[in-house]
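**Student:** Here is the input, now give the coordinates:
(one chain, ligands or ions: 1)
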Amino acid sequence: MSLHVDTPLIESHPLSLAAGRRVWLKLDALQPPGSFKIRGIGRACEVHHERGGRRFITSSGGNAGLAVAYAGRRLGVPVLVVVPETTTDTAIALLKREHAEVIVHGASWQEANALAQSEVGATDAYIHPFDDPLLWDGHASMIEEIARAGVVPDAVVLAVGGGGLLCGVAEGMRRHGWDHLPIVAVETDGAASLRAALDAGQPVTLDAITSVATSLGAKRICDRAWEWTRERAVESVVVSDLAALTACERFLADHRLLVEPACGASLALAYEAHAALAPFDAVLVIACGGATATIDQIRRWSHRGA
Ligand SMILES: *Cc1c(COP(=O)(O)O)cnc(C)c1O
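**Tutor:** Alright, predicted model coming up:
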C-alpha cells in the first residue's frame, strides 16, 4: 500500500500558449491531502509505523501537518500537531477533520516546534516537514511516474521552501540519468532562502518571512538542498507575491484547480513567459498544490498588493 496516488501528467495547452513553449504539468495538487507532501511524508510515516512508532508528532500547520494527519488516519496511528497561534482557523479545521489532535502554542513556529519536540516519547515518531532522507525518497516517486510515462522534459520547474521537494526531485532525476537537465527553483520575494544561500555562498537564516506563500516560509534551506546546487544545475528564480497570486487565479480559470501561492510561484514562470525558460523547448512544472488556500484569501491578498 502507498499513501499517495499516481497523479496525472498533462500537456497544458493554456500554459504552453502563455509560455511560448511546451509545458507539462505534474498535477500533485490532486493528492488526497492536497499537495505532493504526502509522497515523502507517507513514506516516512510507513517506515516509522513498521518500526513500531505508536504516534506521529509534527509542528507544521500547513501541508506537511496535513499529510502527517492524513497518513496517521490511514494507518490508524494517532497524530499530534503543535501549531503556533498564527495558524489560520482553516488550517486547524483541516487538521481536525483528519482526526489529528491539535495543540495551539507559542507566538512562532520555533516555540510550537520546541513543545512538539518535548512531547516525543520513546514510541513516538517526530516527522520533519522537509529535512529527512525518507521524505526525499518518497518525493522521488513523482519523477519515476514521469519517466514511466515516457516524458523527458528539457528542464523541471519547482517551488522551494525548505528544499525537500528539490532534494526528492533531484534524487529521482539522478536515478533516471537526468542529472544534465536543469532544475529551475522558484521562490517568492520574502521567502527566498535558496536565493539568500546562493548569494552568501552557504545556507543562511532569513530574519523573517514576509511572503504570503507561507508554504515556502522556511527561513533556511536544508543542507542537502544546498549540496544539490553544488552537484547539478539549479537555477534560482524569485517572483513577486502578486505574480504568484495572479498565477493561482489564472490556473483556476484554465485548469479548474485551486492551488496555494507556493504553487502559483512556479506556475507564474509559465504565465509570465519568464526569461529563465528561454533556453528550453519543453518544461515540466510540478503543480505541487496546497490545501490551505481559499479563493477569498487569494483575492484579498491580490487586492492588498495591487
Ligand atoms: C511544502 C510545500 C512547498 C515547498 O516544499 P519544500 O520541501 O519545503 O521545499 C511548496 N509548495 C507547497 C504547496 C508545499 O506544501
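**Student:** Near the ligand, which residues of the stretch 1-150 of the chain are found?
**Tutor:** Within reach of the ligand by C-beta under 6 Å from any ligand atom, the stretch 1-150 of the chain has these residues: 35, 37, 62-63, 130. Where C-beta positions appear, they are placed from N, C-alpha and C, glycine not excepted.
**Student:** Looking at pLDDT only, which of those residues scores worst?
**Tutor:** Among these, Gly62 carries the lowest pLDDT, at 92.
**Student:** Now intersect the residues of the stretch 1-150 of the chain next to the ligand with the helices, please.
**Tutor:** Within those, residues falling in helices by DSSP state H are 37, 63.
**Student:** is the one helix or strand Trp301 maps to anywhere near the ligand?
**Tutor:** Assigned by DSSP states H and E, Trp301 belongs to helix 295-305. No: Helix 295-305 lies out of reach of the ligand by C-beta under 6 Å from any ligand atom, never closer than 13.3 Å.
**Student:** Any buried residues in that helix, and which?
**Tutor:** For helix 295-305, burial by neighbour count (16 or more other C-beta atoms under 10 Å) applies to 297-298, 301-302.
**Student:** now swap in stretch 229-246 and tell me
**Tutor:** For stretch 229-246, burial by neighbour count (16+ other C-beta under 10 Å) applies to 229, 232, 234, 236-239, 241-246.
**Student:** tell me the contacts of the closest residue to the ligand within the stretch 1-150 of the chain?
**Tutor:** Of all residues in the stretch 1-150 of the chain, the one sitting closest to the ligand is Asn63 (3.3 Å; C-beta to the nearest ligand atom). Listed by C-beta atoms under 8 Å, 6 or more residues apart in numbering, the contact set of Asn63 reads 33-35, 37, 215, 260, 289-292.
**Student:** For these, please prepare JSON lines with the additional fields neighbour count.
**Tutor:** Listed next are the contacts of Asn63 as JSON lines, based on neighbours: other C-beta atoms under 10 Å:
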{"residue": "Pro33", "neighbour count": "26"}
{"residue": "Gly34", "neighbour count": "24"}
{"residue": "Ser35", "neighbour count": "29"}
{"residue": "Lys37", "neighbour count": "34"}
{"residue": "Ser215", "neighbour count": "28"}
{"residue": "Glu260", "neighbour count": "30"}
{"residue": "Gly289", "neighbour count": "26"}
{"residue": "Gly290", "neighbour count": "28"}
{"residue": "Ala291", "neighbour count": "23"}
{"residue": "Thr292", "neighbour count": "21"}
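**Student:** shouldn't Thr203 be in contact with Arg220?
**Tutor:** One correction, residue 203 is Pro, not Thr. Yes: between Pro203 and Arg220 there is a contact at 5.5 Å, judged by C-beta atoms under 8 Å.
**Student:** shared neighbours, those two?
**Tutor:** The contact sets of Pro203 and Arg220 overlap at 193, 197 (C-beta under 8 Å, 6+ apart).
**Student:** Tell me if I am right that Val151 is in a helix.
**Tutor:** No: with DSSP: H, G, I helix; E, B strand; the rest coil as the criterion, Val151 is assigned coil and is not in a helix.
**Student:** so can I have JSON lines of the residues of the stretch 1-150 of the chain next to the ligand showing distance to Ala225?
**Tutor:** As requested, those are arranged in JSON lines below (distance: C-beta to C-beta, whole Å):
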{"residue": "Ser35", "distance to Ala225": "18"}
{"residue": "Lys37", "distance to Ala225": "15"}
{"residue": "Gly62", "distance to Ala225": "18"}
{"residue": "Asn63", "distance to Ala225": "17"}
{"residue": "Phe130", "distance to Ala225": "8"}
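**Student:** thinking again about what came up before, list the helices and strands the helix holding Trp301 packs on?
**Tutor:** When contacts are defined as 3 or more C-beta pairs under 8 Å, 6 or more residues apart in numbering; DSSP states H and E, helix 295-305 packs onto helix 241-255.
**Student:** Try it again at 10 Å.
**Tutor:** When contacts are defined as 3 or more C-beta pairs under 10 Å, 6 or more residues apart in numbering; DSSP states H and E, helix 295-305 sits against helix 241-255, helix 261-271.
**Student:** okay, it in PDB with CA atoms only?
**Tutor:** Coordinates of each C-alpha in helix 295-305 appear next as PDB, following Å, rounded to 0.1, in the frame of the first residue of the first chain:
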ATOM      1  CA  ILE A 295     -10.200  31.800  -3.300                       C
ATOM      2  CA  ASP A 296     -11.400  34.600  -1.000                       C
ATOM      3  CA  GLN A 297      -8.000  34.700   0.700                       C
ATOM      4  CA  ILE A 298      -6.100  34.700  -2.600                       C
ATOM      5  CA  ARG A 299      -8.300  37.600  -3.900                       C
ATOM      6  CA  ARG A 300      -7.800  39.600  -0.600                       C
ATOM      7  CA  TRP A 301      -4.000  39.200  -0.900                       C
ATOM      8  CA  SER A 302      -4.100  40.200  -4.600                       C
ATOM      9  CA  HIS A 303      -6.000  43.400  -3.900                       C
ATOM     10  CA  ARG A 304      -3.800  44.300  -1.000                       C
ATOM     11  CA  GLY A 305      -0.700  44.100  -3.200                       C
END
